[in-house]
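[1] Need coordinates for the following:
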Amino acid sequence: MGSVNRAARFKYSQISNLLFSGRSRGTISAEACFDSTSRRLISPCYHLGWSQNASFCSNSARHHGKDSSSIDLNQYPSDKIRNFSIIAHVDHGKSTLADRLLELTGTIKKGHGQPQYLDKLQVERERGITVKAQTATMFHTHNFLGSDTNFLLNLIDTPGHVDFSYEVSRSLAACQGALLVVDAAQGVQAQTVANFYLAFESNLTVIPVINKIDQPTADPDRVKEQLKSMFDLDPNDALLTSAKTGLGLEKVLPAVIERIPPPPGKCTSPLRMLLLDSYYDEYKGVICHVAVVDGSITKGDKISSAATGRSYEILDVGIMHPELTPTGILLTGQVGYIVTGMRSTKEARIGDTLHHSRSHVEPLPGFKAAKHMVFSGLYPADGSDFEALNHAIERLTCNDASVSVTKESSQALGMGFRCGFLGLLHMDVFHQRLEQEHEAHVISTVPTVPYIFEYSDGSKVIVQNPASLPSDPKHRLTACMEPTVIATIIMPSEYVGAVITLCSDRRGEQLEYSFIDSQRAFMKYRLPLREIVVDFYNELKSITSGYASFDYEEAEYQASDLVKLDILLNGQPVDAMATIVHRSKAPRVGRELVDKLKKFIDRQMFEITIQAAIGSKIIARETLSALRKNVLAKCYGGDVTRKRKLLEKQKEGKKRMKRVGSVDIPQEAFHELLKVG
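    Take a look at the predicted model:
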């Protein structure tokens, strides 16, 4: 047994030397060299792609059986390039379709790797959703205009949830076409509508793909009618596929090549690159995903940023095939990555234009800056873990630039952070990644939205943290503004009444109401963002038996009657529990808050008063009775004044304890408050 362990240690040391020698840095990990099935170490030659039978790492670095160094991008002028993305509602089969296309083109081998290969985050695999848009370059031979021609295809797999529509808009900026995937059983959903209009506004060619036609409940003809009535798409242009079984997939890539136009850039013009995305790598620094609009870029070139004015040298350049594959060059119309030695993703501004340092170019139209819709405070569960949480958030925001972070302090929770997110799912995913990837234990406050308060002196205050809003301002409050959204809801027609009631309860204003077909209705509402960030989606799914789909886009601010609701413990406000609500809902929300707090706060030796207040007006109250010690237990006989004396002494002691005692609020109380509407 000892000899086996020594041999294993020797082999592991060989692998470690290879890992850090520079030849394989960033391509494999020590964990990859351990076979979880046979529970033994595998020869490093297999994982480094030196064996003829190497299955996955070597395949992803080859092109038609050749080593990655033999990929010559000069063979692919812009007329032989097609850039397209896959867009769809959640769980309509985008990532599975991307897997099949990668296998069809030989980019990955069939049966190797894991399902949804482009979903790399653990949270994506556990939830079955796509969070980060991923790019892969494929090579495909197609009979075009009577002769076999090699094409370079850039595929971008995008998220489907409304919170990550910012990722979708960035992806579409690098494309000339999109595959609009629709589930043959579920039909057109709310995010299908949103994604179609994102592609339509970007002037992209849309190819409808009706997926999952192998399901027993599939009805492709009904879906074709929906595509015609909703988007005016020709039903004959729709492709019928099953990404799971491979049925009909042979028609997808020919349709991409024949229907989607090549990139419009000019190879003779000065270099202009659009910065699509960036993430931090421990070995290489910041890796930028770029689309070359005009000109070309070569390793060693000097480039500058139009946004920051900083200059960099290209240290590495290549394509995602589907892993990072160096090519030394990127030409007009191609999508790939560059490494410039940036040390922080803050230097890589998404939507920026990169150009050669000595040339002056017109910047490309960039993206809208990410607009944070939900704000929440993050505090370490243990106050001594603040530095660890700070480090974890810094590392995580290196790969998620759409989160805003500012430091803040709370009397109840100590030092923490105020973070802005694109939506509630985005916030939930961020929390999960903090716990899984960095083992951070956090307490999060009630999510809020940014409000605008106007005062009599003409000043305006944007409030992201309710605790920062003074209960008794120096100047008179003249107006309150809250953000609204335009919500799209698609549901079976029998649930229309219940959905209208729900939206009315949430202060919604109906904008549009129509029927997609005989079975499904389409509704648009203007809703306050505050009313949907916590439990609106769950309520909608509940009253429609899970059949409704929901999507929203930001709209303008509108005037509203808002008040600050404070929670008081023994007369002292708890800043972490302050919230801003509509005046009409304040009594109900206040009652729910104090009821939940009473369940989760431990009883003390003194009485605890839990109150909800608007300014100086108490609107809800609960009292947590004190634990009482029987001081008369050892009092035998004697005059009644002796007993009364002991009770009065106990009463005075409890008053003093109430003045100086502190109330500890357990972590469970903060988690429960997240569920208050």
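[2] can we go C-alpha only for contacts and neighbour counts from here?
    Noted.
[3] which regions of the stretch 151-300 of the chain sit below the pLDDT cut-off?
    Scanning the stretch 151-300 of the chain for pLDDT under 70 picks out 160-167.
[4] what about the strands in it?
    177-183, 205-211, 239-240, 272-281, 285-294, 297-298 (DSSP state E, counting those that start in this stretch).
[5] got those strands as CSV, with mean neighbour count and distance to Leu647 columns?
    Formatted as CSV, the strands of the stretch 151-300 of the chain follow (neighbours: other Cα atoms under 10 Å; distance: least, Cα to Cα, whole Å):
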stretch, mean neighbour count, distance to Leu647
strand 177-183, 26, 73
strand 205-211, 24, 77
strand 239-240, 20, 83
strand 272-281, 24, 66
strand 285-294, 24, 70
strand 297-298, 20, 87
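[6] Need the ones you listed in JSON lines (columns: distance to Asn143).
    JSON lines is the format used below for these (distance: least, Cα to Cα, whole Å):
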{"stretch": "strand 177-183", "distance to Asn143": "20"}
{"stretch": "strand 205-211", "distance to Asn143": "20"}
{"stretch": "strand 239-240", "distance to Asn143": "19"}
{"stretch": "strand 272-281", "distance to Asn143": "31"}
{"stretch": "strand 285-294", "distance to Asn143": "26"}
{"stretch": "strand 297-298", "distance to Asn143": "30"}
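[7] Among these, which comes closest to Ser359?
    strand 272-281 (10.0 Å; Cα to Cα).
[8] which other residues reach that closest one?
    The contact list for strand 272-281 (Cα atoms under 8 Å, 6 or more residues apart in numbering) reads 170-171, 173-174, 286-295, 344-345, 348-356, 361, 363-364, 366, 398-400.
[9] Of these, keep whichever come out buried.
    170-171, 173-174, 286-295, 344-345, 348-356, 363, 366, 398-400 (16 or more other Cα atoms under 10 Å).
[10] Now intersect those with the helices, please.
    Among those, DSSP state H puts 170-171 in helices.
[11] contacting residues for the nearest residue to Leu562 once chain neighbours are set aside?
    With sequence-adjacent residues excluded and distances taken as Cα to Cα, 6 or more residues apart in numbering, Leu562 is closest to His582, at 4.5 Å. Counting by Cα under 8 Å, 6+ apart, His582 makes contact with 560-563.
[12] how close does His582 sit to Gly590?
    According to Cα to Cα, to the nearest Å, His582 and Gly590 sit 11 Å apart.
[13] Then Ile287?
    From Ile287 across to Gly590, the span is 48 Å (Cα to Cα).
[14] next one: Arg433
    32 Å.
[15] Quick check: which of the strands of the stretch 151-300 of the chain is nearest to Ser304?
    Ranking the strands of the stretch 151-300 of the chain by proximity to Ser304 (Cα to Cα) places strand 272-281 first, at 10.2 Å.
[16] ok, that closest one: who's next to it in the sheet?
    strand 285-294 (antiparallel), strand 353-356 (antiparallel) (DSSP bridges).
[17] Could you export those as a markdown table, including distance to Ala586?
    Listed next are those as a markdown table, based on distance: least, Cα to Cα, whole Å:
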| stretch | distance to Ala586 |
| --- | --- |
| strand 285-294 | 47 |
| strand 353-356 | 48 |
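[18] Would you mind identifying the next helix or strand past the strand ranked longest in the chain?
    In the chain, taking DSSP state E as the definition, the longest strand is strand 477-492. Moving toward the C-terminus from strand 477-492, the next helix or strand (DSSP states H and E) is helix 496-505.
[19] now for that following helix, which elements pack on it?
    Judged by 3 or more Cα pairs under 8 Å, 6 or more residues apart in numbering; DSSP states H and E, the packing partners of helix 496-505 are strand 520-528, helix 536-543.
[20] Let's test this: mean pLDDT of the following helix or strand past that helix, rounded?
    Following helix 496-505 in sequence order, the next helix or strand is strand 509-515 (DSSP H and E). The average pLDDT within strand 509-515 is 91.
[21] partner strands of strand 509-515, parallel or antiparallel?
    The strands beside strand 509-515 in its sheet (DSSP bridges) come out as strand 520-528 (antiparallel).
[22] neighbours around Pro470, how many?
    For Pro470, the neighbour count with other Cα atoms under 10 Å is 10.
[23] likewise Gly146?
    By other Cα under 10 Å, the burial measure for Gly146, its neighbour count, is 7.
[24] Ok, Pro77 next?
    Neighbourhood size, Pro77 [other Cα under 10 Å]: 17.
[25] From Val335, how far out is it?
    From Pro77 across to Val335, the span is 13 Å (Cα to Cα).
[26] Low-confidence bits of the stretch 401-550 of the chain, can you list those?
    The model of the stretch 401-550 of the chain has pLDDT under 70 over residues 401, 412, 471-473.
[27] Run through the neighbouring helices and strands of the longest strand of the chain.
    Using 3+ Cα pairs under 8 Å, 6+ apart: strand 477-492 touches helix 190-201, strand 451-455, strand 520-528, helix 529-532, strand 549-559.
[28] could these be laid out in CSV, adding distance to Thr327 and mean neighbour count?
    As requested, the helices and strands packed on strand 477-492 are arranged in CSV below (distance: least, Cα to Cα, whole Å; neighbours: other Cα atoms under 10 Å):
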stretch, distance to Thr327, mean neighbour count
helix 190-201, 30, 19
strand 451-455, 49, 17
strand 520-528, 48, 21
helix 529-532, 46, 22
strand 549-559, 40, 17
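[29] Can you check which of those gets nearest to Lys599?
    Closest among those, using Cα to Cα: helix 529-532, at 25.1 Å.
[30] mind checking the end-to-end distance for stretch 335-348?
    Termini of stretch 335-348 sit 17 Å apart (Cα to Cα).
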